[in-house]
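[1] Mind looking at a prediction? Sequence and model below.
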Amino acid sequence: MNCLKKKDEFYTVRGYEMINAEKKLLTSGMEDYLEMIYRICTKEGYARINQLAEKLNVRPSSATKTVQRLNKLGMVDYQRYGIIQLTKEGKRIGRFLLKRHNIIEEFLKNIGIENTRLKDTEMIEHSISLNALQKIYILNQFLLNNPDIIRRFESFKIEFYEDMDYLDFPFYPY
Ligand code: CO
């Protein structure tokens, strides 16, 4: 994207993705892989392609391709038929990705999202700004230290649903 991003200008999702892509080293897909490799490696020390493919619900051939790309970027050490291990840089970024995931998931839990929590987390995590993530982290800490706020929010929700304004409440119109 060769036009400069001005403040408060609207873009389509694709437009924002293109702006982000300029700064982004990893695609969303690669982030999912690195996050999962980090999860497995912190537990078991290393990961294997089949195990990774199973956890991410992808074919082993796709997993191999992405792991090879991460290998080229210096995030993992991977030899064919071998095991996957994180490099120092891979660990550093993997730790951030898992932290980001957990912050968003905890936030969604705090506001009472259950059934769609994992899916929503996966959709939000790749596109959220660092600034918004940091503020959500602080909000999570605040709620952790003030459990009465969560309880008040829960009873507010119950009352809210009882006499909510159906015209104002968001519903999909299509
Ligand atoms: Co995730």
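    Now that the structure is in, tell me what you want to look at.
[2] Longest helix in the chain, please.
    Counting residues, the longest helix found in the chain (DSSP state H) is helix 88-110.
[3] Using CSV, list the CA coordinates for the helix or strand following that helix.
    Going down the chain from helix 88-110, the next helix or strand is helix 117-125, by DSSP states H and E. Output of helix 117-125 as CSV, limited to C-alpha atoms (Å, rounded to 0.1, in the frame of the first residue of the first chain):
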residue,chain,number,x,y,z
ARG,A,117,-14.8,-18.4,22.9
LEU,A,118,-12.0,-20.3,21.1
LYS,A,119,-13.2,-19.4,17.6
ASP,A,120,-13.5,-15.7,18.6
THR,A,121,-10.1,-15.7,20.1
GLU,A,122,-8.6,-17.2,17.0
MET,A,123,-10.3,-14.6,14.8
ILE,A,124,-9.4,-11.6,17.0
GLU,A,125,-5.8,-12.4,17.9
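[4] Please list the outside residues in contact with the helix or strand following helix 117-125.
    Once helix 117-125 ends, the next helix or strand along the chain (criterion: DSSP H and E) is helix 130-145. Outside helix 130-145, the residues that touch it by Cβ atoms under 8 Å, 6 or more residues apart in numbering are 100, 103-104, 106-107, 110, 128, 149-150. Any C-beta I mention is one placed from the backbone N, CA and C, and that applies to glycine too.
[5] The longest helix of the chain packs against which elements?
    helix 28-44, helix 117-125, helix 130-145 (3 or more Cβ pairs under 8 Å, 6 or more residues apart in numbering; DSSP states H and E).
[6] Show me which positions of it end up buried.
    Going by neighbour count (16 or more other Cβ atoms under 10 Å), the buried part of helix 88-110 is 90-91, 93-94, 96-98, 100-101, 103-108, 110.
[7] which residue does the protein bring closest to the ion?
    The nearest approach of the chain to the ion comes at residue 101, 3.8 Å away (Cβ to the ion).
[8] show me what contacts that residue?
    So residue 101 contacts 35, 121, 125 (Cβ under 8 Å, 6+ apart).
[9] Many thanks, have a good one.
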